[in-house]
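1. Coordinates only, no sequence provided:
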């Protein structure tokens, strides 16, 4: 069957099996590989994209269901590595990614979260990202990134629970600085 | 990870959807939000020959006051309920419960009608609707009928819905000023409830204490006859048949039901 | 200005945050067939027959293979295991765990694979199943009758325990502990792809932590010369130890590609991963601790049964590290340990973040708490009285470990002070007095661990190009650790060329034939130092050439902004120009010679609802001292990740099998991997005690968080219930377990 989906602002169409998952339409039909698949029980959120502006898990949608709709992936949100989308930029600044596999979905989920709750508390960020699993970061810096992207200071939010390690009283080894600013 | 192949129809109207359903009966499954159906199809635990997508029927997506009831279209998403001013004013329990279902991505897609039709005793909304009372409106070739919610859930994943009918509307009493609370006990935030308790206006709905959502009737009766909250809550697990699994033994679920009922009733009373 | 020790944001990120990283499943491989594996649904069974007729004629099917077709000798996946415990690449006569591959289906399209796989009919004759370690040790149900035993190997496992070990101890406490089986759960599942070339060589792309070892292993299994095989490592979406070493499936992919004469690619689903990928921990431990009422610990015994799973892999050697680290940070007169490795009808066990050391720390920290409870002493105080002192270093411990440096009491003091220990105890007392529903518990751990304990040597090459850019080749294999940034910093330090102009390459065996990958927190102290060394050597070479060119004295030359400059003048020649004239590249190999021993202390505060049993870690204050920090941003990230996994082991995660060997937690919906909502923010304190073992003084940070956080979190929850008579709860401390412990103590 034929589906027509606007992806990252561009019209796309293809003849697909009804059972083709949106995630595979994006990855395999369109070649947009940023969106990843991390599980098979709709648990991990690595496949999160925006559908008509709302965050959804593309592994639990048929491309057919999205016919006529508008999808945004990380490639569309933040196409230029040299000029990252503000949420993506915050992830970089706060080191909210390590292996990067959960990251596209995490960034899209964060964008969705902030569109619905522009100034979230730490708890609201943690609960708002309950559908996105990360194994590398322990979430601490992801939460910092989302708070920073919202225009709030992660060092100040909620009594400084997210504050960075302090470099007080650390003697720098020869050749090493104490940590802040290169 | 990949469903067995199927044919797909996306009818443009409710009547067209019903016609398809009448024609294909047991070979077809209805797709609304898809967040109960697609996961089981991906694991190949279900393999319908035809999927009928009603997820875009705008006519099923609304929340409006109708007399002394709140009428909610079956296609209303959990996110809609969670953010609706009308629901907040008229049946705040429903909005609060909808806010706890799954995660934000799931809530953007899952529907109230779908959740009720799926009738998973571990899911949140059936118990909330049961606590609120009211009726489920079904439509089929024989016309429309209203089933009181107490009669809707008939067994494990079973409802009063005939194979050729669809849930089209849910009607709940307007209980805006009545005390309410929802206590949901999970291991992780995104997990199904180990046990949950929905309380509104002296009625108590239980999640995951049997093969369907249940009312804690003994607790309700005790409250109605003037018992204290702790005494009434101690009866919450009567006439229930809680399952045992990795998360909880039946005995633990009974204990949780009593504790959560007491907490929910206490919150609702303030 | 030195770049060392500064927060440099990652050079990897612009790509990761725009087009995304490029993982194995993202590769464009023209004409590749998709491999779908048929896996055993039974834990132990004889294969009577396999019917592939219907599958062969399904749409898109190019081939279906079973064990009978695979002409490869079975593999002994760990050299030290019982040599009868070998694994076929596709099961031939017997399956020994749920998930063991039985048939391979190749299709043109990915979606066709599962359809065809469903049509393969396997006739199984069930055999008795053994899951429990003690049952396995009786040898009643044997996985390998030809071996005559379920014991794969062991470490002093046959020796008798010393009956006099605890003589003279006023108090002796003994307890059986479970260090439960965990699933590594990297977000990227295993994936591989292979393509044979016209020249008879084959390229294997795979999600691995060490391409060079994978190459030797796979070549060995296939009976081909390693030179015929090129392994390339695309971006890897997490490993945590579980992607160390080649999986048999990788060899199957290469073999199948040869059979059909087309490239073959394979990406497993999460459900497959939860039974097919190696799992971690899985030890049953008996600890016995003895000492005096004044808090002095005099003797400690650790007796371990290690679950190897059905086919022994790296997990079979991890108890060696557990034994080595058994006495941990403590100065104990008499220490005894032994370990037996057993096969069971479960997924194979291998390394998972910490790999043998979290097990050792969890055991002794639990023992210290039990001892403290027995003598009625504060658990932090008991620890303090038994810690090794700074002036004792370096030393070889009772476990045989060569500890380099450590300041254990200082770490303990810092975390106790930062968390406000005395105030917390007061708060705890007040809540107990009031009989609050929400109680708090405080868990303290002091730990040490061995890093870089595997391969001590590592390669590096640094080359400056005529265009002024730099290439660094490393034998390490990052999968989230940020080596592209960190090694660029190390090269930049010597070359004074910005990190943006430095490209770090890894994981391609044609480019980097020798390397030992990234595991065991080895990378910085071997591979990083090698890069630093290579860059330094390059500068010496450049200075010599510049001295000739500029007719200057070598001693008058310095490197500034990528150029060799005669100090105090404008006379200079850029490294790029030197490279233009003559190739400017240094290859080096660094040998650290010995492992290092980072250490730390964690204090966790638990909030426990004693009515419902729900426990959360509200706060955790940590020191993970791995010496000087090259990039605090990256180091903190490693600590965060480790702490999260550590707390998750204590409270949430467990791989569970029913008595028939069916996995019960084989999806992300069932397995307790935490989201952000389950975890608190973490408080990281700084401490940097160098080692003398390498010029940078650095140790390894990758696993410390897991090692310190697990016992602190477990202890905190138990501590919250101490006043109710609870002394111990096995991990994970789920609400059910906590409630049952409270009920049981009533």
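-> Thanks, I have it. Computed from a prediction, not measured in an experiment: that's the story for all the values here.
2. so what's residue B:40 up against?
-> residue B:46 (Cβ atoms under 8 Å, 6 or more residues apart in numbering or on different chains). Every residue, glycine included, has its C-beta placed from N, CA and C.
3. contacting residues for residue C:691?
-> Taking Cβ under 8 Å, 6+ apart, we find residue C:691 in contact with C:404-405, C:525, C:596-597, C:627, C:697-699.
4. In CSV: those, plus distance to chain B.
-> Shown next, in CSV, are those (distance: Cβ to the nearest Cβ, whole Å):
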residue, distance to chain B
C:404, 40
C:405, 39
C:525, 36
C:596, 36
C:597, 35
C:627, 36
C:697, 40
C:698, 36
C:699, 34
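5. Leaving out the residues flanking it, which one is nearest to residue C:388?
-> Spatially, and ignoring its direct neighbours in sequence, residue C:388 is nearest to residue C:331 (4.9 Å; Cβ to Cβ, 6 or more residues apart in numbering or on different chains).
6. pretty sure that neighbour contacts residue C:385?
-> No - with contact defined as Cβ atoms under 8 Å, residue C:331 does not count as touching residue C:385 (9.6 Å).
7. Paired strands for the longest strand seen in chain B, with orientation please.
-> When chain B is parsed with DSSP state E, its longest strand is strand B:166-173. Paired with strand B:166-173 in the same sheet, following DSSP bridges, are strand B:69-73 (antiparallel), strand B:135-140 (antiparallel).
8. Out of these, which is the most enclosed?
-> Ranked by mean neighbour count, those are led by strand B:69-73 with a mean of 23 (mean count of other Cβ atoms under 10 Å in any protein chain shown).
9. Please name the residues that touch residue 176.
-> All of this is about chain A. Applying Cβ under 8 Å, 6+ apart, the residues near residue A:176 are C:2, C:4-5, C:628-630, C:688.
10. My question was about chain C, not that one.
-> Residue C:176 neighbours (Cβ under 8 Å, 6+ apart): C:284-286.
11. again with residue C:298
-> So residue C:298 contacts C:166, C:168-169, C:290-292, C:332-334 (Cβ under 8 Å, 6+ apart).
12. re earlier: burial count for the residue nearest to residue C:388?
-> Counted with other Cβ atoms under 10 Å in any protein chain shown, residues neighbouring residue C:331 total 17.
13. List the single closest residue to the residue of the stretch 51-200 of chain B found nearest chain A in space, sequence neighbours excluded.
-> Proximity of the stretch 51-200 of chain B to chain A (Cβ to the nearest Cβ) peaks at residue B:103, 2.7 Å away. In this structure, residue B:103 finds its nearest non-sequential neighbour in residue A:131, 2.7 Å apart by Cβ to Cβ, 6+ apart.
14. what about the strand or helix carrying residue C:538, distance to the chain center?
-> Take DSSP states H and E as the rule and residue C:538 turns out to sit in helix C:529-550. Here helix C:529-550 is found 36 Å from its chain centre; the criterion is Cα atoms, centre = their mean, to the nearest Å.
15. The helix or strand that that helix is followed by near chain A anywhere?
-> The C-terminal neighbour of helix C:529-550 among helices and strands, as given by DSSP H and E, is strand C:557-560. No - judged by Cβ under 8 Å from any Cβ of the partner chain, strand C:557-560 and chain A are separated, with a smallest distance of 14.6 Å.
16. Next, the buried residues of strand C:557-560.
-> Within strand C:557-560, the residues scored as buried using 16 or more other Cβ atoms under 10 Å in any protein chain shown are C:557, C:559.
17. Show residues contacting it.
-> Contacts for strand C:557-560 (Cβ under 8 Å, 6+ apart): C:494-496, C:539, C:542-543, C:546-547, C:550, C:564-567, C:572, C:575.
18. so can I have CSV of the contacts of residue C:691 showing secondary structure, distance to chain A and pLDDT?
-> Conversion of those to CSV gives the following (DSSP: H, G, I helix; E, B strand; the rest coil; distance: Cβ to the nearest Cβ, whole Å; pLDDT from 0 to 100):
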residue, secondary structure, distance to chain A, pLDDT
C:404, coil, 14, 96
C:405, coil, 12, 95
C:525, helix, 13, 97
C:596, strand, 14, 97
C:597, coil, 17, 97
C:627, coil, 7, 96
C:697, coil, 5, 96
C:698, coil, 8, 97
C:699, coil, 12, 97
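19. now those: which count as buried?
-> Among these, the ones that count as buried by 16+ other Cβ under 10 Å are C:404-405, C:525, C:596-597, C:627, C:697-699.
20. which residues sit in contact with residue 40?
-> Here I'm looking at chain A. Contact analysis of residue A:40 by Cβ under 8 Å, 6+ apart lists A:59, B:1, B:42-43, C:269-271, C:667.
21. not what I meant, chain C
-> Residue C:40 is in contact with C:91, C:95, C:97-102, C:122, C:124, counting by Cβ under 8 Å, 6+ apart.
22. And those residues, which of them are buried?
-> Members of the contacts of residue C:40 classed as buried by 16+ other Cβ under 10 Å are C:91, C:95, C:97-102, C:122, C:124.
23. Could you identify the most distant pair in those?
-> Farthest pair in these (Cβ to Cβ) is C:97 and C:122. Separation: 14.9 Å.
24. one step back: give me the subset of the contacts of residue C:298 lying in strands.
-> Those of the contacts of residue C:298 mapping onto strands are C:290-291, C:334, per DSSP E.
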